[in-house]
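Undergrad: Below is the structure, and that's it, no one-letter string:
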């Protein structure tokens, strides 16, 4: 589970406090924990082998913890895009961030080496339309030898177990993390369930726009790396 941002969070800079989903997310894990998670995840996806001058854009960057993770790994040409200006203002780092929509990216054709999404696509309001638009834009922006990297929730047996535990009233009382997860699921139920119940469509669309070089399903996540077709 990653920050709800790009296509659903349209709060402005004057918002006095997080919405209920964001408040639950803040309880789910600290920024330090999230950055550590992203660092470990990127290493597992092969970040150690990526040239440090790779031009990387993280979409749905939210508060920028994914950007912080890329900085910790030594990447020097990184940018972020998110629809929420309020979330972007919370980022502290050297990456250049843009307020923008993943379905209409503010970059020239064939101008970036890598586009990364860590838990944003499952917040898109409409499938397949919004996902097709997002994939098409990513394909346009990536260089021919570039890579798209997606990490999204997937209904593996592990995720089913986590859902069951988080929905148990006793588990919610005993675990702040489980209660936070259940709260997030409650507020994003429509888009979350829409995503989890259409795996064949999602994989077909991904393979329409990207030629996979890595794909795995573990610990409730879909990990996909592909070159633009």
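TA: Ah, there it is. Because the structure is a prediction, the values reported are computed rather than measured.
Undergrad: on contacts alone, who are the packing partners of the strand or helix carrying residue 97?
TA: In the assignment (DSSP states H and E), residue 97 maps to strand 96-99. The contact analysis (3 or more C-beta pairs under 8 Å, 6 or more residues apart in numbering; DSSP states H and E) places strand 96-99 against strand 77-82, helix 85-88. Using the backbone N, CA and C atoms, a C-beta is placed for each residue, glycine as well.
Undergrad: weakest of the ones you listed by average pLDDT?
TA: Across the helices and strands packed on strand 96-99, helix 85-88 has the smallest mean pLDDT, namely a mean of 87.
Undergrad: List the buried residues for that helix?
TA: By neighbour count on 16 or more other C-beta atoms under 10 Å, the buried set for helix 85-88 is 86, 87, 88.
Undergrad: residue ranges of the strands in the protein, please?
TA: 55-59, 77-82, 96-99, 112-118, 142-153, 210-218, 221-228 (DSSP state E).
Undergrad: Name the nearest residue to residue 224, sequence neighbours excluded.
TA: Of all residues beyond its chain neighbours, the one nearest residue 224 is residue 150 (4.4 Å), with distances taken as C-beta to C-beta, 6 or more residues apart in numbering.
Undergrad: I figured residue 62 hits residue 82, correct?
TA: Yes: using C-beta atoms under 8 Å, residue 62 is in contact with residue 82, at 5.6 Å.
Undergrad: What score does the residue lying closest to residue 156 once chain neighbours are set aside have for pLDDT?
TA: Of all residues not flanking residue 156 in the chain, residue 220 sits nearest, at 5.2 Å (C-beta to C-beta, 6+ apart). According to the prediction, residue 220 has pLDDT 96.
Undergrad: check contacts around residue 220.
TA: Contacts for residue 220 (C-beta atoms under 8 Å, 6 or more residues apart in numbering) come out as 153, 154, 155, 156, 158, 159, 162.
Undergrad: and if we set it to 7 Å?
TA: Applying C-beta atoms under 7 Å, 6 or more residues apart in numbering to residue 220 gives the contacts 153, 154, 156, 158, 159, 162.
Undergrad: For the residues you listed, pick the one with the most neighbours.
TA: residue 154 (21 neighbours; other C-beta atoms under 10 Å).
Undergrad: Now that residue: closest residue in space that isn't a chain neighbour?
TA: Nearest to residue 154 is residue 222, by C-beta to C-beta, 6+ apart, at 4.0 Å.
Undergrad: where in the chain is pLDDT low?
TA: Residues of the chain that meet the criterion pLDDT under 70 lie in 1-18.
Undergrad: Mind jotting down where the helices sit in it?
TA: Secondary structure of the chain (DSSP state H): helices at 20-28, 31-44, 65-72, 85-88, 129-141, 157-166, 169-174, 176-187, 189-196, 199-209.
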